[in-house]
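J.: Sequence and predicted model, in that order:
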Amino acid sequence: MVLMQSNRPSRRTFLRHGSGLAAISAATGQKRGLKIFMHWDLDGASGIFTREQAWWWEPNVRENVAAEARELMTADVNAGTKAALASGVTDLVVLDTHHGGGNLYPDKLVQDPRITYHLRSVGVQDGKRRWMPNLDESVDGLMLPGHHAKAETQGAFLPHAWTLEWKDFRINGQSVGEIGIEACFAGHWDIPLIFVQGDAAACEEAREQFPWVVTSVVKWAGKSPEECSGLPPEVAHKETARGIAEAIEKLRARKMFPYKPRLPMTVSIRIATMDAAAAAARRPGVRRVDDHTVEARVGRQADVVKWINGTGLDMS
């Protein structure tokens, strides 16, 4: 397992400008490398069909259910990494983000020198603590496997955005969930969101906001938001591999685009309780809009949530 950061220089200009990868290959006689960042959640992962599996750290969750959920996520990650490498990715960063990380079984992960694993969502890069370490200008594309729909989405499995306290998160008036938040963070470095895997509602949300994104639907909501049904894991792995291959092909064809909201952004959150909204409004630069809503003007995409919870770059 590789845990060192990559110092490879940025190749962003090759995707945004010039005459494309075919011309580069013709001129050099070589294929260019491709660096992908996989930001893995668990709620939308293959084989996860109940709240007990997805939120396995909650009280009274059966030990065997928690272990099964971690096994399923580890298998899903392995299927995804194999698909990415088979599609020509030369530098792959895999980060476990669910509940801050700690879901994967490290000794069961695919071992390959092209893969860098981060087992926690916050780590150290260049001597500083930050969210999503190794997501920087050297990355060509962002993938969000295992993701879920935003808070209060009807017909979705475990819809929420970061915390159950946040009922609506908006960037310049547009309602987004974690998919949009993470795409915004990546957009700080002009990194496009290229792939989402999860339930049907999450994938529909992603396509609505980012029409170019490739999605793999592996589950569908049930009668309750705390249960769902889906493809058997082995079938879901094949569907995910298909989506990853298609996303990489579209990225190479320069058909993917970064999320670039107008700056400075007005970011607002509708919070479940008035007490929590009042506490949030005491943070520097935060304005209380009404009993449940706070907002701030944010000058950098990388600070999309830092103003409210301190998560981002240069964390204390």
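T.: Received, thanks.

J.: so where do the helices sit in the stretch 101-250 of the chain?
T.: All helices of the stretch 101-250 of the chain, identified by DSSP state H, counting those that start in this stretch, fall at 178-187, 200-209, 233-252.

J.: For residue 262, find the nearest of these.
T.: Residue 262 lies closest, by Cβ to Cβ, to one member of the helices of the stretch 101-250 of the chain: helix 178-187, at 11.7 Å. Yep, even glycine has a C-beta here, placed from its N, CA and C like the rest.

J.: mind exporting that closest one as PDB, just the C-alpha atoms?
T.: Only the C-alpha atoms of helix 178-187 are listed here, as PDB (Å, rounded to 0.1, in the frame of the first residue of the first chain):
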ATOM      1  CA  GLU A 178     -22.300  16.200  -0.900                       C
ATOM      2  CA  ILE A 179     -21.800  15.500  -4.600                       C
ATOM      3  CA  GLY A 180     -22.000  19.200  -5.400                       C
ATOM      4  CA  ILE A 181     -20.000  20.200  -2.300                       C
ATOM      5  CA  GLU A 182     -17.100  17.900  -3.300                       C
ATOM      6  CA  ALA A 183     -17.300  18.900  -6.900                       C
ATOM      7  CA  CYS A 184     -17.100  22.500  -5.800                       C
ATOM      8  CA  PHE A 185     -14.000  21.700  -3.700                       C
ATOM      9  CA  ALA A 186     -12.300  19.900  -6.600                       C
ATOM     10  CA  GLY A 187     -13.200  22.800  -8.900                       C
END
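
J.: Can you tell me the centre-most residue of this structure?
T.: Closest residue to the average C-alpha location of the chain: residue 144 at 3.7 Å, with Cα atoms, centre = their mean.

J.: wait, it sits on residue 195?
T.: Yes - shown here, residue 144 and residue 195 form a contact pair, counting by Cβ atoms under 8 Å, at 7.0 Å.

J.: hang on, the earlier thing: need the per-residue pLDDT for the residue nearest to the centre of the chain.
T.: As predicted, residue 144 sits at a pLDDT of 98.

J.: Skip the chain neighbours and tell me the closest residue to it.
T.: Distances taken as Cβ to Cβ, 6 or more residues apart in numbering place residue 196 nearest to residue 144, at 4.9 Å, with adjacent residues excluded.

J.: And for residue 287?
T.: residue 295 (5.6 Å).

J.: and if you look at residue 68?
T.: Nearest non-adjacent residue to residue 68, counting by Cβ to Cβ, 6+ apart: residue 53, 6.8 Å away.

J.: Show residues contacting the strand or helix carrying that neighbour.
T.: Using DSSP states H and E, residue 53 maps to helix 51-54. With contacts defined as Cβ atoms under 8 Å, 6 or more residues apart in numbering, helix 51-54 is touched by 42-43, 48, 58, 61-62, 65-66, 68-69, 72, 158, 226-227.

J.: ok, now with 7 Å
T.: Contact with helix 51-54 is made by 42, 43, 48, 61, 65, 68, 69, 158, 226, as judged by Cβ atoms under 7 Å, 6 or more residues apart in numbering.

J.: quick one: the residue nearest to residue 271 when sequence neighbours are not counted from residue 269, how far?
T.: Using Cβ to Cβ, 6+ apart and skipping residues adjacent in sequence, the residue nearest residue 271 is residue 277, 4.4 Å away. Applying Cβ to Cβ, to the nearest Å, the value for residue 277 to residue 269 is 8 Å.

J.: OK, contacts around residue 198?
T.: Contacts of residue 198 by Cβ under 7 Å, 6+ apart are 44, 146, 147, 148.

J.: my guess is the first one meets residue 144, correct?
T.: So that's residue 44. No - using Cβ atoms under 7 Å, residue 44 is not in contact with residue 144; the gap is 8.7 Å.

J.: For the residue nearest to residue 50 when sequence neighbours are not counted, the count of nearby residues, please.
T.: The shortest distance from residue 50 to any non-neighbouring residue, by Cβ to Cβ, 6+ apart, is to residue 227 (5.5 Å). Residues near residue 227, counting by other Cβ atoms under 10 Å, number 15.
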